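> Dropping a prediction and its sequence here:
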Amino acid sequence: MRILVMNCGSSSLKFQLIETSFQQIVANKDRMLAQGVFERIGSTDARSRLLVAGQEPQETVREVLRHQEAIQATFAWLAGESGLLGSLDEIDGVGHRIVHGGERFHSSTLMTDDTVRQIEALSDLAPLHNPHNLKAFYAAKKILPRVPQVAVFDTAFHQTMPPHAYIYGVPYIYYTRDKLRRYGFHGTSHRFVSYRFAQIHGDTREKYRLITCHLGNGCSVCAIDHGKVVDTSMGFTPLEGLIMGSRPGDLDAGAVLYLLERAEMGHAEVDVTLNTQSGLVGISGVSRDMRDVLAAAAKGNERAELAVNAFCYRVSKYIGSYYVAMGGADAVLFAGGIGENSAEVRARICRPLSVLGLQLDEAANVATVGREGSIARPSSRLKGWVVPTNEELLIARDTLRCMAAH
Ligand code: ADP
């Protein structure tokens with residue numbers, strides 16, 4: 001089956017064309033055939049980068065005012081210049097990343113009129129995401145009206161969290177009336193990584209207690225107890241939890257009140273500060289990119305060193321608390337741009353975990369960059385692994401499964 005995976009943001013569109021089947025899933029042999037990204041949609045200098053697997057990318061800068069145009073260009077390229085498809089009829093299904101599934105969606109779902117209405121109704125929980133995610137659905141429906149489309153939610157995997165982990169200590173009416181609770185995000189990544197770790201070991205996820213760390217631009221940790229999420233660090237929004245590239249993670253709500261009242265910042269200013277000027281870039285003043293912050297720290301920049309230390313300390317602290325939440329753990333898994341590529345950050349996170357039985361193999365850690373592999377000593381009671389994530393692949397696989405189930 002050829003599945004088109006789409007991730008439509010406020011000014012961007014990312015896609016991958018993936019060939020998958022049940023046999024390929026079992027053998028981990030599904031193939032990415034092509035991928036592309038459009039950025040700055042809505043401007044006269046939108047950028048696109050389209051790539052057939054194994055070939056040089058084609059890059060353009062031109063006017064793309066609406067998502068619909070980017071999606072039309074994607075389809076035209078797939079069935080034309082790319083040389084991949086004879087016609088669009090060769091696309092068997094379309095899978096979409098949808099950020100918020102609320103309490104309604106516990107798993108991926110075929111996008112019928114009814115489910116799309118429900119996803120739309122959840123837009124008040126994710127006004128910056130769900131409406132954009134759905135643009136790709138509507139555009140694809142116009143072009144491929146008979147092809148099944150599937151929604152894969154960032155929140156769904158976390159829906160097994162027990163009430164004591166998702167409830168906030170605020171008046172209960174905010175939960176019942178306003179749906180204010182912890183939902184968690186990056187669910188597709190945590191699910192993929194935990195599945196893949198078990199697959200590598202010839203087992204199922206249900207055999208393990210896992211702590212998965214997705215450390216990318218956004219960062220979150222997840223406690224997966226025998227296949228079920230029992231806690232995760234992001235909350236009602238992706239602002240909660242770990243220190244990220246430009247978000248603060250856990251922050252005293254009183255500090256927000258202070259900024260609003262004493263520092264006389266408006267709501268919009270606080271929003272921008274918390275989403276784009278905090279975290280690594282906020283503390284270091286250098287960059288939101290961990291590579292730049294590490295490089296500055298290595299040159300003796302004290303604030304950069306502080307930012308890296310605060311980042312790693314927070315991750316270690318969460319891992320410790322999830323170890324307790326699950327009454328122990330079998331492995332800590334690292335994924336995302338930082339988790340997969342930075343041995344330095346992993347080492348700083350793992351060293352304090354020796355108290356939980358994780359003995360870091362420093363040489364294996366340094367040698368494991370951008371690929372699967374163990375970073376703990378063979379005798380280590382708590383295992384440590386790098387497991388690169390692949391959210392698009394899981395979306396393609398879920399699309400296939402949902403199509404087969406109907
Ligand atoms: P997203 O969360 O948007 O999917 P990624 O998982 O691709 O993002 O992570 C991107 C981030 O990974 C970059 O901003 C950068 O901070 C970090 N990163 C990538 N490579 C390295 C590296 N070698 N060392 C440290 N950080 C890295």
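Cool, the structure landed.

> switch to C-alpha atoms for all contacts and neighbour counts from now on
OK.

> next structured bit after the helix ranked longest in the chain?
Taking DSSP state H as the criterion, the chain has its longest helix at helix 302-325. Proceeding N to C from helix 302-325, the next assigned helix or strand is strand 331-335, under DSSP states H and E.

> just the angle between that next one and helix 302-325, please?
140 degrees (axes from the mean of the first three to the mean of the last three C-alpha atoms, to 10 degrees).

> re earlier: can you point out the buried residues in the longest helix of the chain?
Buried residues in helix 302-325, counted by 16 or more other C-alpha atoms under 10 Å: 303-308, 310-316, 318-320, 322-323.

> ok, now stretch 231-251?
Buried residues in stretch 231-251 (16+ other C-alpha under 10 Å): 231-249.

> From these, which land in strands?
Judged by DSSP state E, the buried residues of stretch 231-251 include 231, 232 as members of strands.

> Name all residues that make contact with residue 215.
Residue 215 sits next to 334, 335, 336, 337, 338, 339 when contact means C-alpha atoms under 8 Å, 6 or more residues apart in numbering.

> Are whichever helix or strand residue 395 is part of and the ligand in contact anywhere?
If you go by DSSP H and E, residue 395 is part of helix 391-404. No: counting by C-alpha under 6 Å from any ligand atom, the ligand has no neighbours in helix 391-404; the shortest distance is 9.0 Å.

> can you check stretch 291-304 too?
Yes: contact of stretch 291-304 with the ligand (C-alpha under 6 Å from any ligand atom) involves residue 291.

> start to end distance for that stretch?
End-to-end distance for stretch 291-304: 11 Å, by C-alpha to C-alpha, to the nearest Å.

> Which positions in it come out as buried?
292, 293, 294, 296, 297, 303, 304.

> Next: stretch 365-379.
365, 368, 369, 370, 372, 373, 374, 375, 376, 377.

> who's in contact with the residue in the stretch 51-200 of the chain positioned nearest to the ligand?
Distances between the stretch 51-200 of the chain and the ligand by C-alpha to the nearest ligand atom are smallest at residue 186, namely 8.8 Å. Applying C-alpha under 8 Å, 6+ apart, we find residue 186 in contact with 154, 155, 214, 220.

> of the residues you listed, buried ones?
Counted by 16+ other C-alpha under 10 Å, the contacts of residue 186 give 154, 155, 214, 220 as buried.

> ok, which of those residues also contact the ligand?
Applying C-alpha under 6 Å from any ligand atom to those, none is adjacent to the ligand.

> Next, give phi and psi for residue 62.
phi -160, psi 180 (degrees, to the nearest 10).

> Excluding chain neighbours, give the residue nearest to it in space.
Excluding its sequence neighbours, the residue lying closest to residue 62 (C-alpha to C-alpha, 6 or more residues apart in numbering) is residue 45, at 4.8 Å.

> Help me confirm that the one you found is found in a strand?
Yes: counting by DSSP: H, G, I helix; E, B strand; the rest coil, residue 45 is found in a strand.

> Could you check how many residues crowd around residue 356?
Using other C-alpha atoms under 10 Å, residue 356 is surrounded by 17 other residues.

> How much space separates it from the ligand?
To the ligand, residue 356 is 25 Å away according to C-alpha to the nearest ligand atom, to the nearest Å.

> Make CSV out of the contacts of residue 186 and add secondary structure and pLDDT.
Listed next are the contacts of residue 186 as CSV, based on DSSP: H, G, I helix; E, B strand; the rest coil; pLDDT from 0 to 100:
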residue, secondary structure, pLDDT
154, coil, 97
155, coil, 98
214, strand, 98
220, strand, 98
